[in-house]
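In: let's see this in three dimensions:
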Amino acid sequence: MLAQTFAQGVSPQPLLADAPVVKSTKPRVFVKIEGVDDAEIRESLLQSIELRAIRKKTDSSEAQIRRLYKRAPRQITYALEPFGYYQASVVPSLTLRKTQYRAVFAVTLGPRTTLSAVNYVIQGPAELDKTVAAAWRRSSLKPQAFLDHGRYEQAKGEVQRALMGRGYLDAELVEHRIEIERSKSTARVVLNWQSGERYKISGTKFSGSQFSPAFLERYLSFEPGDLYTQKKLLDLQQRLVDADYFSVVEVAPETDEAKDGSVPISVVLVPAKQSIYTYGISFGTDSGAGIRGGLERRWVNERGHKLRSAAEISQRFKAAAISYEMPQPDRNRTNYAVNLSYRDETTNTSRGQVGKIGIARTREWKDWQQTYAVQGLQGDFIVGGESGSTTLLYPETLWYRRVADDLVYPSEGYALTLSAKAGTQALLSDADFASATAEGKYVTSLNDQSRFLARASAGVLWTNDFSKMPPELRYFAGGDRSVRGFGYQELGPINDAGQVKGGKYLAVVSGEYERKLSSSWAAAVFADVGNAFDQDSKIETAIGVGVRWRSPVGLVRLDFAAPLNSANDPVRVHLIIGPDL
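Out: Numbering: from 1, shown residues only. Here you go, the predicted structure:
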């Protein structure tokens, strides 16, 4: 049959050995597959043809090209077999056009082999293991399905990994074959595993760490004698990675030391750099130009406590903070912290100089990051031309959740922030108060080239003495992340002097349509609506356009926005560097 195929492939046009040399930018050899619609199969066939490998070699001789051309039909039929085509035929042709040889292979696939039977057997304790059974059910090796060697190998690998992952470390595939009956275009799959016994964990050995074994054992979620599972090892590895003490974390079973149905676990650790220094320049249309810096000590003692500090000085904002943290090695990544901070901020409507001290407990719970804290605040401020001073002591809770397919530039995702705080004069505060704030962000793709982004904020404050509320507890609107087209905290209720004094309520909604211009650039149009208010307040609306740049340092957003309710207000520029969520 192959001889007949090659005979049919002789070109009716003679190949001219003495063809004149003509300079050309075309490939020396052009290879084409006809009769195969499936892109994956067609690409696999092209990759299997040796002739295609020399297509750009301008010094390839005619003899070499003809030799590789004659091999191609067999290479194609052989490459089709893993996809279940065992009766394919190939009609080749080769022509010369100026300096380019054109090889075309017309493929007739023939019937595709189907599975007449699948004999799958696991002998041993794993026969009743539900996890192993589930791995097999996920495979596509079912009677009447098309034979595909890639899926066959994938199914074998999934079952073997499930066996190893469940602790059957001696599992062996003792029988595996595909029996093909070409005349009927059918095949029979035979797979037979001997699982062996399921291993237990005999102990855990740590090496390379800067901490004692007693400290590291607090991260273990298993004990000697527990059944081995790969999930337990991955969980331990992730918890050690999340602790941020190590640059390398390797967790693996010591199979060479396994005996009597038990296997020890080896944990190899390499300490991370203990101190991290950060510094740089900053700029925001709300805060102006400035500099910032910070120091983080990943661990300060043998108990794994951490120290973080940061400071920023800009045109309208000065801040410093230090935090002493005591991480706990539990599943919820609980962390206790003592925080001290100072903030001096000047906006279009206020200036506040506030110091805070607090203790906090943070943990993760069902994709939420929960923080419970007690804060002490003391400061002086000027809002709307009115001076004030206050001391407040209050409990606070903050819940945060973010889900996104890409943290830098998500196509699908959302973020939620919920917070509440309250204080009373009966417990060292200058006023009774309670407040709650909610903020949500949402991103979704409309198609491959465009996204829709939405944002909403709402807040409510109750107090018996509003004059004792510092700017950070009052509500304002306007700015880069609020109602664009207005200055930072420029919107809110007006006092008797005609200046913004902040409000007891907040409501802001934003919608944005974004379309890609290239892989790194996008254009956007948006509308922002809302304000801070007391009982009655004017709702402000702004619209604008912007550009987005996926820079090496993160997403950069440049917006041009203008209020709709006042033709006299100029277009305001907003620059933001940071993720959407």
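
In: contacting residues around the most centrally placed residue in the chain?
Out: With distances taken as CA atoms, centre = their mean, the residue of the chain nearest its centroid is D406 (4.2 Å). Taking CB atoms under 8 Å, 6 or more residues apart in numbering, we find D406 in contact with G413. In this view, the C-beta of every residue, glycine as well, is placed from N, C-alpha and C.

In: that one in helix, strand or coil?
Out: Under the three-state scheme (DSSP: H, G, I helix; E, B strand; the rest coil), D406 adopts coil.

In: distance of it from Q328?
Out: To Q328, D406 is 30 Å away according to CB to CB, to the nearest Å.

In: can you check E43 too?
Out: If you go by CB to CB, the gap between E43 and Q328 works out to 52 Å.

In: ditto for R481
Out: Taking CB to CB, one finds R481 at 33 Å from Q328.

In: neighbour count: the two, which is higher?
Out: R481 (19 against 14; other CB atoms under 10 Å).

In: does the nearest residue to that one once chain neighbours are set aside lie in a helix or a strand, and which?
Out: For R481, ignoring the flanking residues on the chain, the nearest one in space by CB to CB, 6 or more residues apart in numbering is I576 at 7.1 Å. Here I576, judged by DSSP states H and E, is contained in strand 572-577.

In: hmm, who's touching that strand?
Out: With contacts defined as CB under 8 Å, 6+ apart, strand 572-577 is touched by 283-285, 479-481, 484-487, 546, 553-562.

In: just these: which are in strands?
Out: Among these, the members found in strands (DSSP state E) are F283, G284, G546, G554, L555, V556, R557, L558, D559, F560, A561, A562.

In: pipe the residues you listed into CSV and attach neighbour count, pLDDT and distance to T437 per row.
Out: Output for those, formatted as CSV (neighbours: other CB atoms under 10 Å; pLDDT from 0 to 100; distance: CB to CB, whole Å):
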residue, neighbour count, pLDDT, distance to T437
F283, 12, 74, 27
G284, 21, 70, 21
G546, 21, 95, 26
G554, 12, 82, 26
L555, 16, 89, 24
V556, 14, 91, 27
R557, 19, 93, 23
L558, 16, 93, 28
D559, 24, 94, 24
F560, 15, 95, 28
A561, 22, 94, 23
A562, 17, 92, 27
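
In: quick check: the farthest pair among those?
Out: Farthest pair in the ones in strands among the contacts of strand 572-577 (CB to CB) is G554 and A562. Separation: 26.6 Å.

In: flag every buried residue along stretch 479-496.
Out: Across stretch 479-496, burial judged by 16 or more other CB atoms under 10 Å covers 479-493.

In: measure how far it is from the centre of its chain, please.
Out: Counting by CA atoms, centre = their mean, to the nearest Å, stretch 479-496 is centred 34 Å from the centre of its parent chain.

In: and for stretch 230-248?
Out: Offset of stretch 230-248 from its chain centre (CA atoms, centre = their mean): 18 Å.

In: same question for stretch 390-402.
Out: With CA atoms, centre = their mean as the basis, stretch 390-402 stands 29 Å off its chain's centre.

In: and for that stretch, what's in contact with it?
Out: 358, 367-379, 381, 413-423, 427-431, 433, 468-470, 581.

In: give me that answer again for 7 Å
Out: Contact with stretch 390-402 is made by 367-379, 415-423, 427-430, 468, 470, 581, as judged by CB atoms under 7 Å, 6 or more residues apart in numbering.

In: next, give phi and psi for Y152.
Out: Dihedral pair for Y152: phi -60, psi -50, per degrees, to the nearest 10.

In: give the bridge partners for the nearest residue to Y394 once chain neighbours are set aside, please.
Out: Once flanking residues are discounted, Y394 sits nearest to G423: 3.4 Å by CB to CB, 6+ apart. Here G423 sits in beta bridges with F433, as judged by DSSP bridges.

In: roughly how far apart are G423 and K142?
Out: Counting by CB to CB - G423 and K142 are separated by 65 Å.

In: just S282 next, same as before
Out: Going from S282 to K142 by CB to CB gives 59 Å.

In: out of the two, which sits in the more crowded spot?
Out: Higher neighbour count among S282 and K142: S282, with 15 against 10, using other CB under 10 Å.

In: residues contacting the closest residue to I322 other than its chain neighbours?
Out: Spatial nearest neighbour of I322, chain neighbours left out: S309 (4.4 Å); criterion: CB to CB, 6+ apart. The contact partners of S309, by CB under 7 Å, 6+ apart, come to G294, L295, A321, I322.

In: farthest pair in those?
Out: Spatial extent of the contacts of S309 (CB to CB) is set by the pair L295 and A321 at 11.4 Å.

In: surely L216 is in a helix?
Out: Yes. The assignment for L216 (three-state DSSP) places it in a helix.

In: now for it, how many residues are close by?
Out: Around L216 there are 20 residues (other CB under 10 Å).

In: run through who's touching stretch 107-114.
Out: 33-36, 76, 84-90, 144-147, 180, 185-187.

In: swap the cut-off to 8 Å and go again
Out: Residues outside stretch 107-114 that contact it (CB under 8 Å, 6+ apart): 33-36, 45, 76, 80, 83-91, 144-147, 180, 185-187.

In: keep only those of those residues that are in strands.
Out: Those of the contacts of stretch 107-114 lying in strands (DSSP E): I33, E34, S89, V90, V91, I180, T186, A187.

In: make a PyMOL selection of the buried ones in the residues you listed.
Out: Here is the PyMOL command that selects the buried residues among the ones in strands among the contacts of stretch 107-114 (16+ other CB under 10 Å):
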select buried, resi 33+89+90+91+180+186+187
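
In: any chance of the ones in strands among the contacts of stretch 107-114 in JSON lines, with distance to T255 and pLDDT too?
Out: Output for these, formatted as JSON lines (distance: CB to CB, whole Å; pLDDT from 0 to 100):
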{"residue": "I33", "distance to T255": "46", "pLDDT": "93"}
{"residue": "E34", "distance to T255": "51", "pLDDT": "93"}
{"residue": "S89", "distance to T255": "49", "pLDDT": "93"}
{"residue": "V90", "distance to T255": "47", "pLDDT": "94"}
{"residue": "V91", "distance to T255": "53", "pLDDT": "94"}
{"residue": "I180", "distance to T255": "36", "pLDDT": "92"}
{"residue": "T186", "distance to T255": "40", "pLDDT": "94"}
{"residue": "A187", "distance to T255": "35", "pLDDT": "93"}
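
In: with distance to P253 added, can I get the ones in strands among the contacts of stretch 107-114 in a markdown table?
Out: Shown next, in a markdown table, are the ones in strands among the contacts of stretch 107-114 (distance: CB to CB, whole Å):
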| residue | distance to P253 |
| --- | --- |
| I33 | 46 |
| E34 | 52 |
| S89 | 51 |
| V90 | 49 |
| V91 | 55 |
| I180 | 38 |
| T186 | 41 |
| A187 | 36 |
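
In: the helices in the stretch 51-200 of the chain, which residues?
Out: Along the stretch 51-200 of the chain, counting by DSSP state H, counting those that start in this stretch, helices occupy 62-80, 130-137, 149-165.

In: report the angle between the helix or strand containing L233 and helix 130-137.
Out: Using DSSP H and E, L233 sits in helix 230-242. Angle of helix 230-242 versus helix 130-137, following axes from the mean of the first three to the mean of the last three CA atoms, to 10 degrees, is 100 degrees.

In: no more questions from me, cheers.
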